[in-house]
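*Asks:* Predicted structure and sequence below. I'll ask about it afterward.
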Amino acid sequence: GFWSRMMRRIVSVWLIDWPIAVWRRSVMRARRPASPPDPALDPQNPCALILRNSRGAAVIHALNPAARAAGLRRGQTQADARAMIPQLICKPADRDADARALTALAVWAERWSPSVSVDAGSDGLGGEGLEGLFLDLTGATHLFGGEAALLEQIRDRLVEAGARSRAAMAPTPGAAWALARWGEVGGGGCIADDETARGLLASLPVEALRLDDRTLTQARRFGLKRIGDLYPMPRAGLARRFRDGAGVGLVQRLDQALGFASEALTPARPPPKYRAWQTWMEPVGDIEGVEARLTELAADLSKPLVRDGQGAKALTLTGFRSDGATTCLSVRMGRPGRDAGIWLRLFREAGLGRLELGFGLDALMLTADAVEPMIARQGALESEAEAKQAESLAALIDRLSARLGEDRVLTPELVDSWIPERAERWRPALGRRPTTREDVSAHRAILLLDPPEPVEAIAELPDGAPARFTWRRLSRRVTRADGPERLSPEWWRPRPDDRQTRTRDYYRVEDDAGGRYWLFREGLYGREFSGAPEERAPSWWMHGVLP
């Protein structure tokens, strides 16, 4: 309500000539050391990025400062621009690359706020937007030395990353957006609160309300040049003056800027509910320094989890590099937990050396990506040894998965099928209860051959157990046998080799040397084989070894 609106602090960052900055960065990365100088990279030469509009005409999408100083503007056709400046250097624009780079910059800006949104609106100059960010810093400005110091820090860091920018802070996204582009920025940026925002916006042009070209044209026809010109006008009358509902959009933008209408911001990444982070004046350039600070972060993150009765199942360590890039390392656990010592061991197993530190990290963030309530378990009514064994096994699976990868630590999972080779499948062990011997029938083999191996057997027809069989060139005499256990074929699942699916009769046998085996006869005499020459006779197969 009123209190939350009063306390809201939104920072709008305008990235001046962002497409040009992205293009320059990509070209400089692709250049070889011995390459001749590129005239387009010289800031003294006018350069423009060109796009095709809906009518197929080549228009200017972005300009460098030299081209803008020569009188060119965005949205101007390439032919008109070349007529004004014949030496204009034109390069193709890539809006997808601009959007990807802006999303990456939004992630980098999470060093100041967990809620960073991409500004996808029009810039009021005929552009396509995607040249700014919104940072929700409500209640967090004191962590950076105050509002003015924060805006100055944002500007300086963006300059170091090669992006010119202007920033402003206001109670609403609309007011911050307008002040960042048209306000008088002194020092780090322009700052407005609930008492001063209305007065600061009054002198700005109507373009600062993020209006489309049609609404802006009609507003100028009515002599509405400044935002302050709209203040004394009744809202209903103002909306009726414009055609095709354009006045409704004008009134909505005005109310959003003044805080009378809400405006939602969609973060580039959902902000984590639980996170801990640290920033430093000097970059950290070695893994030992990262590990030392990770110990403090883990302790800080564990406290709110304990307070809320939650446990983390997935953690991500994000390092913010001084060159503008980010590096991440994630770990997952089978059971929710909040023991900082266990988290540290998992990150060591995952390999902190995988973090690409570049020229050093100036901020580090630890987030809980997945949390679950921690449920107290009653240990007095169950076997204490079994409980400890289960916890030790879960911890071992977590460590092996962090070191080797989740797709390399597997456990069998039971499947609804009575065919033995289809009765289980392998799945990542992380977060699953391993299959125990109690889950499997005692009549099944502990070692299953896949595929089954052929056996030559002597048995009494039609359903007698084998009296002797030869497997792997060794003949064995059967002393004891149990069976048959008949398994019908799953007729809805054809064989891979297109052979007819047939009934199996399984036998548990023991030879004179004490070995115990699991054999089956595929096919039934009299029902699936009548002795005809074109029929396939029943055959014997070795499927596994019994305990």
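*Replies:* Received, thanks.

*Asks:* Tell me the gap between whichever strand or helix holds P451 and the middle of its chain.
*Replies:* Using DSSP states H and E, the element containing P451 is strand 447-459. Computed by CA atoms, centre = their mean, to the nearest Å, the chain-centroid distance of strand 447-459 equals 48 Å.

*Asks:* ok, now stretch 231-240?
*Replies:* Computed by CA atoms, centre = their mean, the chain-centroid distance of stretch 231-240 equals 45 Å.

*Asks:* for stretch 455-471, same thing?
*Replies:* With CA atoms, centre = their mean as the basis, stretch 455-471 stands 59 Å off its chain's centre.

*Asks:* cool, and stretch 318-335?
*Replies:* 11 Å.

*Asks:* Pull out the buried positions in that stretch.
*Replies:* By neighbour count on 16 or more other CB atoms under 10 Å, the buried set for stretch 318-335 is 318-322, 324, 326-327, 329, 331-335. Placement of C-beta: from N, CA and C, glycine included.

*Asks:* Check the separation of the first and last residues in it.
*Replies:* Terminal residues of stretch 318-335 are spaced 22 Å apart (CA to CA, to the nearest Å).

*Asks:* So, low pLDDT: which residues of the stretch 251-400 of the chain?
*Replies:* For the stretch 251-400 of the chain, the stretches with pLDDT under 70 are 376-389.

*Asks:* Mind jotting down where the strands sit in it?
*Replies:* Ranges of strands within the stretch 251-400 of the chain are 275-284, 310-321, 326-337, 361-373, based on DSSP state E, counting those that start in this stretch.

*Asks:* Any chance of JSON lines for those, columns distance to L410?
*Replies:* Output for the strands of the stretch 251-400 of the chain, formatted as JSON lines (distance: least, CB to CB, whole Å):
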{"stretch": "strand 275-284", "distance to L410": "32"}
{"stretch": "strand 310-321", "distance to L410": "19"}
{"stretch": "strand 326-337", "distance to L410": "13"}
{"stretch": "strand 361-373", "distance to L410": "21"}
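
*Asks:* And those: which comes nearest R31?
*Replies:* For R31, the closest of the strands of the stretch 251-400 of the chain is strand 310-321, at 21.6 Å, according to CB to CB.

*Asks:* Specify the residue positioned farthest from the middle of the protein.
*Replies:* Distance from the centre of the chain peaks at E460, with 63.5 Å (CA atoms, centre = their mean).

*Asks:* Leaving out sequence neighbours, find the closest residue to that residue.
*Replies:* Of all residues not flanking E460 in the chain, A467 sits nearest, at 7.3 Å (CB to CB, 6 or more residues apart in numbering).

*Asks:* Using the three-state scheme, assign the one you found.
*Replies:* Put simply, A467 is strand when judged by DSSP: H, G, I helix; E, B strand; the rest coil.

*Asks:* Now for it: which residues touch it?
*Replies:* Taking CB atoms under 8 Å, 6 or more residues apart in numbering, we find A467 in contact with 458-460, 477-478.

*Asks:* can you give me the helices in this protein?
*Replies:* Ranges of helices in the chain, per DSSP state H, are 2-7, 18-30, 65-69, 78-84, 95-108, 147-160, 173-182, 197-202, 213-221, 235-241, 246-258, 287-308, 340-350, 384-404.

*Asks:* returning to what we had before: and the residue nearest to E460, what pLDDT?
*Replies:* Per-residue confidence (pLDDT) for A467: 92.

*Asks:* Walk me through which strands the strand holding P451 pairs with, and which way each runs.
*Replies:* Here strand 447-459 is paired, per DSSP bridges, with strand 466-471 (antiparallel), strand 539-545 (antiparallel).

*Asks:* Output the ones you listed in CSV, with distance to A390 appended to each entry.
*Replies:* CSV is the format used below for the strands paired with strand 447-459 (distance: least, CB to CB, whole Å):
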stretch, distance to A390
strand 466-471, 38
strand 539-545, 27
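
*Asks:* looking at these, which is buried most?
*Replies:* Compared across the strands paired with strand 447-459, strand 539-545 shows the largest average neighbour count, a mean of 19 (mean count of other CB atoms under 10 Å).

*Asks:* residues in contact with it?
*Replies:* With contact meaning CB under 8 Å, 6+ apart, strand 539-545 is reached by 420, 444-449, 452-457, 459, 466, 469, 471, 506, 515-523.
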